[in-house]
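K.L.:
would you be able to build a 3D model of this:
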Amino acid sequence: MAVVGEVVRDIARERVGRVVGREGSYVQLRPLGGGREWDAEPRELRAMSQTEVLSALVAELNARSRRGI
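P.N.:
Below is the predicted model of the structure:
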């Protein structure tokens, strides 16, 4: 079960996000770089290893630097 603060992969949307809460039977996620939340079904979430989380964070930082943010 995903807990608030955990970084998970939403396999249905092929996105990575941080758990920020729950709404009914859905888990609410926010992109690692900030932005609009989305709802996901718990069964479609996969835990990520520390290496995968680090890789996702580095990819987000690289994307920001390319956009000049």
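K.L.:
switch to C-alpha atoms for all contacts and neighbour counts from now on
P.N.:
Noted.
K.L.:
find the nearest non-adjacent residue to the residue nearest the centre of the chain, please.
P.N.:
Centroid check for the chain by C-alpha atoms, centre = their mean gives Gly17 as the closest residue, at 0.7 Å. Excluding the flanking residues, the one nearest Gly17 by C-alpha to C-alpha, 6 or more residues apart in numbering is Pro31, at 4.5 Å.
K.L.:
so who does that neighbour touch?
P.N.:
Counting by C-alpha atoms under 8 Å, 6 or more residues apart in numbering, Pro31 touches Arg15, Val16, Gly17, Arg18, Glu37.
K.L.:
outside of whichever strand or helix holds the residue nearest to the centre of the chain itself, list whatever touches it.
P.N.:
In the assignment (DSSP states H and E), Gly17 maps to strand 15-23. Outside strand 15-23, the residues within contact range by C-alpha under 8 Å, 6+ apart are 2-10, 27-32, 56.
K.L.:
listing partners with orientation, what would you give for it?
P.N.:
Applying DSSP bridges, strand 15-23 is found paired with strand 7-10 (antiparallel), strand 26-31 (antiparallel).
K.L.:
just curious, which of the contacts of strand 15-23 is nearest to Gly68?
P.N.:
Leu32 (17.0 Å; C-alpha to C-alpha).
K.L.:
who does Val8 form a beta bridge with?
P.N.:
What pairs with Val8, by the bridge criterion (DSSP bridges), is Gly17, Ala47.
K.L.:
tell me who's in contact with it.
P.N.:
Counting by C-alpha under 8 Å, 6+ apart, Val8 has contacts Ala2, Val16, Gly17, Arg18, Val19, Leu45, Arg46, Ala47, Met48.
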